[in-house]
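J.: Sequence and predicted model, in that order:
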Amino acid sequence: MVEGGMKCVKYLLFAFNLIFVIAAIALIAVGIYVQVQLHDYLSFFSGKVNAAAILIIIVGAIIFFIAGFGCCGAIKENYVCTMVFAVLLAVVFIFELAGGIAGFVMRNQLHDEVSEKMKEAEANYHSQEGVKKSWDAVQTNFKCCGVDSYTEWHAHNVSYPDSCCKKAPCVPGTANFYNEPCLEEFVDFVKTNIVKVGGVGIGLAFVQIVGIIFACCLARAIRKEYEVV
């Protein structure tokens, strides 16, 4: 049984894993939140944003599982469990850091990508139900009309959607017509959600460094105890 300072590390590692479980649940919650927030707008993405949210949910579930190794290794002073925990935590750290950085990089590429997808979707408003649902959700929620201008709907030979107005009939120039374009406000909304995913991922990744250090120190102490015996 480890003694002295290593005994303190043992209990710190156990406490760290309890916090880690809570963090993993928070990670899953953030991923689900972003999924729910962006669900109605999937027609405007290439799949990257949706994939990022799913990835963060999967990482949260994996971290929850890994925390079990850490708790087991700390309480039972098991060298194998402690080292497995440290190695898996290091691997997840690398993926989380890479994913978080990728999220922030992708954030800067969103404007042009979303603009292109939204303009493609305008022409398919009446022919594709998923597109219609996404456009109606954007224009209703953000009180806007069109990508860069409401006149784009006529350019695509598409009549003004009812979602461009508070109520029918939908006629430009009337008090209930949404004159503002949708692109900028919608992109800002998406970027905010991506920052939440990336920020939580990177923040948790650096917290994991503490767990890796504790686990390695404890594993080293346990190994020395085995060698003495």
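T.: Received it, and whenever you're ready, just let me know what you need. Since the model is a prediction, treat every value here as computed from it, not as a measurement. Residues are numbered from 1 along each chain as shown.

J.: does the residue positioned nearest the centre of the chain count as helix, strand or coil?
T.: The centre of the chain sits closest to residue 197, judged by CA atoms, centre = their mean, with a distance of 3.2 Å. Using DSSP: H, G, I helix; E, B strand; the rest coil, the structure places residue 197 in helix.

J.: Which per-residue confidence value corresponds to it?
T.: Per-residue confidence (pLDDT) for residue 197: 70.

J.: pretty sure residue 40 contacts residue 132?
T.: No - if you go by CB atoms under 8 Å, residue 40 and residue 132 don't touch, sitting 11.2 Å apart. (C-beta placed from N, C-alpha, C; glycine too.)

J.: what's around residue 190, how many residues?
T.: Neighbour count for residue 190, taken as other CB atoms under 10 Å: 21.

J.: From the chain's centroid, how far away is the helix or strand harbouring it?
T.: Residue 190 belongs to helix 183-228 when assigned by DSSP states H and E. Remark: helix 183-228 is offset 14 Å from the chain centroid, using CA atoms, centre = their mean, to the nearest Å.

J.: do the same with stretch 12-32
T.: On CA atoms, centre = their mean, the centre of stretch 12-32 falls 15 Å from that of its chain.

J.: Would you agree the residue nearest to the centre of the chain is in contact with residue 28?
T.: No - using CB under 8 Å, residue 197 is not in contact with residue 28, being 11.8 Å away.

J.: Give me the residues contacting stretch 26-46.
T.: The list of residues contacting stretch 26-46 from outside it, by CB atoms under 8 Å, 6 or more residues apart in numbering, reads 49-50, 52-57, 59-61, 63-64, 113-114, 117-118, 121, 128, 130-131, 133-135, 137-138, 186, 190, 193-194, 196-197, 200-201, 204.
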